[in-house]
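A.B. asks: below are the sequence and a predicted model; questions follow.
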Amino acid sequence: MEDAPLIQFGRAERSSPQTMHNDALVITAILANYEVGRIFIDSGSSADILFGEAYDQMQLGDVSLEKVDTSLYGFAGEVVHPRGMVSLPLTMGKGTARKTCLLKFLVVDVPSAYNVILGRPTLNTFQAVISTYHMKIKFPTQGGIGEVQGDPFQSRRCYVDAVRRGEKRGGDDTQDKAPPNKKGKAPEEKIPEATEIPAKVQPAEELLNIQIIPGDLDKITRLALT
C-alpha cells in the first residue's frame with residue numbers, strides 16, 4: 001500500500017496574510033453538475049446535509065430520494081423527519097487535481113443560510129484535510145494534491161443572513177440565497193464589509209443538536225432553526 005501524499009499548509013497560502021479572522025470555511029463546488037455555493041465545511045457534523053430549498057432548486061425530483069425511516073432526534077426531544085436520502089456526485093478541485101466522489105446526503109427541510117453542510121463522511125471519503133486558518137481544504141487526487149479555497153465573502157454573507165433570520169424570526173425573510181446554477185456561476189452578490197457583521201456573543205440562530213442514531217452521542221450534527 002502506497003503512502004498517502006503529504007498534505008501541508010504554508011503561511012503564504014493565506015488569502016489575507018495580514019488579517020486574522022474567525023470565518024467559517026464556506027466553499028463552492030460542483031454537486032450533480034450544478035455549481036453550488038454556500039457549502040459549509042463542518043468537521044463536527046456526522047452527516048452530510050442538503051437543505052430542502054437547495055434540493056428543490058436543483059430540480060432533481062423526488063424519484064432520486066431514498067426513504068429514510070429513522071428520524072433525527074435532538075437533546076430536548078425535538079424531532080426532524082428527513083425528506084429522504086439522495087446519492088449525488090460531488091466534485092472538488094481543478095484541472096488534473098480534481099476529484100469526484102459519490103456521497104449520500106440527508107435532505108432536510110430546515111431553513112438555513114447554507115445550501116449544504118459537508119461533514120465527516122465527505123471529509124473521510126475525500127481523505128481531506130481542512131485548515132480554517134488558511135480557509136482551505138486539501139485532498140489527494142491521482143493528479144496531485146487538490147484544493148478548494150474558502151470564500152470569506154460567502155462566509156460573512158451567510159453569517160449576516162443567519163443573524164437577520166434570527167432577528168426576523170416569525171417574519172418574512174427578504175434575503176434570498178443564490179440558487180445553484182447549472183453550467184454557470186452564481187449571481188454576483190454584494191460583499192458585506194466587516195463593519196456590517198453584528199457583533200453578537202449568542203448564536204445567530206437557535207441550534208438544534210441532532211442525534212443521527214438515538215442514544216449515540218458520537219453521531220451528532222447541528223442544524224439551525226428559524
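C.D. replies: Perfect, I can see it now.

A.B. asks: only C-alpha atoms for contact and neighbour calcs from this point on.
C.D. replies: OK.

A.B. asks: so what touches stretch 90-104?
C.D. replies: With CA atoms under 8 Å, 6 or more residues apart in numbering as the test, stretch 90-104 has contacts from 29-32, 48, 85-89, 122, 125-126, 141-148.

A.B. asks: go again using 7 Å as the cut-off
C.D. replies: Stretch 90-104 is contacted from outside by 29-32, 48, 85-89, 122, 141-148, using CA atoms under 7 Å, 6 or more residues apart in numbering.

A.B. asks: ends of it, how far apart?
C.D. replies: 10 Å (CA to CA, to the nearest Å).

A.B. asks: for that stretch, buried residues please.
C.D. replies: Leu90, Thr91, Met92, Gly93, Ala97, Arg98, Lys99, Leu103, Lys104 (16 or more other CA atoms under 10 Å).

A.B. asks: and stretch 52-70, by the same measure?
C.D. replies: Under 16+ other CA under 10 Å, the buried positions of stretch 52-70 are Gly52, Glu53, Ala54, Tyr55, Met58, Leu65.

A.B. asks: hmm, back to that, mind listing which of the buried residues of stretch 90-104 are in strands?
C.D. replies: Leu90, Thr91, Met92, Gly93, Ala97, Arg98, Lys99, Leu103, Lys104 (DSSP state E).

A.B. asks: who's the first one bridged to?
C.D. replies: It stands for Leu90. Leu31, Cys101 (DSSP bridges).

A.B. asks: quick one: it from Ala32, how far?
C.D. replies: In terms of CA to CA, Leu90 sits 6 Å off from Ala32.

A.B. asks: same thing with the third one?
C.D. replies: As judged by CA to CA, Met92 and Ala32 stand 12 Å apart.

A.B. asks: do the same with the fifth one
C.D. replies: Here Ala97 is placed at a distance of 19 Å from Ala32 (CA to CA).

A.B. asks: can you check the last one too?
C.D. replies: Lys104 sits 12 Å away from Ala32, going by CA to CA.

A.B. asks: ditto for the second one
C.D. replies: Using CA to CA, one obtains 8 Å as the distance from Thr91 to Ala32.

A.B. asks: let me see the contact set for Arg14.
C.D. replies: By CA under 7 Å, 6+ apart, the neighbours of Arg14 are His134.

A.B. asks: how about the helices in this structure?
C.D. replies: 52-57, 120-126, 152-167 (DSSP state H).

A.B. asks: pipe those into a markdown table and attach mean pLDDT and distance to Leu6 per row.
C.D. replies: Listed next are these as a markdown table, based on pLDDT from 0 to 100; distance: least, CA to CA, whole Å:
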| stretch | mean pLDDT | distance to Leu6 |
| --- | --- | --- |
| helix 52-57 | 93 | 35 |
| helix 120-126 | 96 | 14 |
| helix 152-167 | 81 | 26 |
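
A.B. asks: sweet, I'm off.
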